[in-house]
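Peer 1: just coords:
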């Protein structure tokens, strides 16, 4: 039941940007929403632009149609949409604009929730070094120097980087998993005046590739504040940043194979576990640093494909790294008597999305009727019979 007094209040303080956020979160076009509430697309556009305000009755319709409370549309002290930069998506061709808008709306919602939690809990200050790299810097070593700069500023000691998500969180970056509905979009990131954000794909359950994703997105936050997202050059620079951050050239060069004979695959498997990167990343690094020639590299990749290792590499299966900043905040507040219900009401977001944003462990579909998650504390997979998320 929607409170009529509340809808009248929201109608008077209606924020069109919040309607845009809710619509995109639902994966709808303006025309879809217009049909849903039996209004014209022109009316929806006017509400979103702020040219007109919907009536209290229409606010109720919008809330029901978009599965949010009327309070979701009310004006807030800071409009997260207005202070967020364009997100860096991996490939603009691989996903539709609608899917990217939905994913971005979810990331903005995560910032909203974090801001609400920060009224009660002190989060780490944002400390992401800026090291701008021009898009036309194709041959220089600027991405590598940017990664070296981050390791130095953040005090990362020589050798493999530890828990990478924890490292980002300790420096004020918000890291969350996207809901399964947005899993068609790979990992992405965007900067925000409130807090920079990295959103990870919950279906990518590979510890090694996930760490590279995190490092890649950090590269965007460090280097590409003003760069147009999605270009091949920008993505290549972020890859080079990630490789140097996780596998510094001066530390790993001599450890990488120069030929693919003998027990090279055993050696690569050991390096994989030591440095927390995939065998494919190690081979790419060996080629980049001149240890492997082009022919040897291609032959190695062919071997990986032939043996089915492109998608399922040999080696230990480790639980993916999990965010802890917001889950820990929710746990601490629960101990102080502020439960999830109260926090959800304060954030003015749907309860299921609040739980998704603040969960320690993402839930991902395995097959119809089964949901799989990873229990980091026990380091094992957990499978339960739950309704598959739509």
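Peer 2: That came in fine, so what should we check first? All of these numbers come straight from a predicted model, not from anything done at the bench.
Peer 1: contacting residues around the most centrally placed residue in the chain?
Peer 2: Centroid-nearest residue in the chain, with CA atoms, centre = their mean: residue 199, separated by 0.8 Å. Applying CB atoms under 8 Å, 6 or more residues apart in numbering to residue 199 gives the contacts 103, 106-107, 110, 175-178, 187-189. For glycine as for every other residue, the C-beta is placed from the backbone atoms N, C-alpha and C.
Peer 1: where in the chain is pLDDT low?
Peer 2: 1-6, 81-83, 91-93, 137-139, 363-390 (pLDDT under 70).
Peer 1: residue with max distance from the center of it?
Peer 2: In the chain, by CA atoms, centre = their mean, residue 262 is the one farthest from centre (39.6 Å).
Peer 1: is it correct that residue 191 is in contact with residue 87?
Peer 2: No. Using CB atoms under 8 Å, residue 191 is not in contact with residue 87, being 9.0 Å away.
Peer 1: okay, now residue 136: neighbour count?
Peer 2: By other CB atoms under 10 Å, 8 other residues sit near residue 136.
Peer 1: now it, what's its secondary structure?
Peer 2: Under DSSP: H, G, I helix; E, B strand; the rest coil, residue 136 falls in the coil class.
Peer 1: likewise residue 131?
Peer 2: Criterion first, three-state DSSP; result for residue 131: coil.
Peer 1: would you quantify the distance from the closest residue to it other than its chain neighbours to residue 126?
Peer 2: What sits nearest to residue 131 in space, not counting adjacent residues and going by CB to CB, 6 or more residues apart in numbering, is residue 146, at 3.9 Å. Taking CB to CB, to the nearest Å as the measure, residue 146 falls 17 Å from residue 126.
Peer 1: more neighbours: which of those two?
Peer 2: When residue 146 and residue 126 are compared for neighbours, residue 146 comes out ahead with 25 against 15, by other CB under 10 Å.
Peer 1: so which bits of the helix or strand encompassing that one are buried?
Peer 2: Using DSSP states H and E, the element containing residue 146 is helix 142-153. Using 16 or more other CB atoms under 10 Å as the test for burial, helix 142-153 gives 142-144, 146-148, 150.
Peer 1: what packs against the helix or strand just after it?
Peer 2: Counting by DSSP H and E, the next helix or strand C-terminal to helix 142-153 is helix 164-170. Applying 3 or more CB pairs under 8 Å, 6 or more residues apart in numbering; DSSP states H and E, one finds that helix 164-170 makes contact with strand 174-177, helix 207-223.
Peer 1: can you give me the buried ones in helix 164-170?
Peer 2: 164-165, 167-169.
Peer 1: now that helix, how far from the chain's geometric center?
Peer 2: 13 Å (CA atoms, centre = their mean, to the nearest Å).
Peer 1: so for stretch 349-361, what gets flagged as buried?
Peer 2: For stretch 349-361, burial by neighbour count (16+ other CB under 10 Å) applies to 349-350, 353-354, 356-361.
Peer 1: centre of the chain to it, how far?
Peer 2: Distance of stretch 349-361 from the chain centroid (CA atoms, centre = their mean) equals 14 Å.
Peer 1: in the protein, which spans are strands?
Peer 2: 174-177, 188-190, 197-200, 363-367, 370-375, 380-384 (DSSP state E).
Peer 1: and the second one, how far out from the chain middle?
Peer 2: In this view, strand 188-190 has its centroid 6 Å away from the chain centroid, taken as CA atoms, centre = their mean.
Peer 1: now for it, which elements pack on it?
Peer 2: helix 97-117, strand 197-200, helix 207-223.
Peer 1: redo those as CSV? Include distance to residue 31.
Peer 2: Formatted as CSV, the helices and strands packed on strand 188-190 follow (distance: least, CB to CB, whole Å):
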stretch, distance to residue 31
helix 97-117, 12
strand 197-200, 27
helix 207-223, 32
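Peer 1: still on that earlier bit, looking at the buried residues of helix 142-153, which is nearest residue 99?
Peer 2: residue 143 (27.9 Å; CB to CB).
Peer 1: ok, that closest one to residue 27 distance?
Peer 2: From residue 143 to residue 27 the distance is 34 Å (CB to CB).
Peer 1: likewise for residue 206?
Peer 2: Distance of residue 206 to residue 27, given as CB to CB: 26 Å.
Peer 1: what do you get for residue 306?
Peer 2: Counting by CB to CB, the gap from residue 306 to residue 27 is 39 Å.
Peer 1: between those two, who's got more neighbours?
Peer 2: Between residue 306 and residue 27, residue 27 has the larger neighbour count (other CB under 10 Å), namely 16 against 9.
Peer 1: so who does that one touch?
Peer 2: Applying CB under 8 Å, 6+ apart, the residues near residue 27 are 98-99, 102, 181.
Peer 1: out of these, which are buried?
Peer 2: The neighbour count (16+ other CB under 10 Å) marks 99, 102, 181 as buried among the contacts of residue 27.
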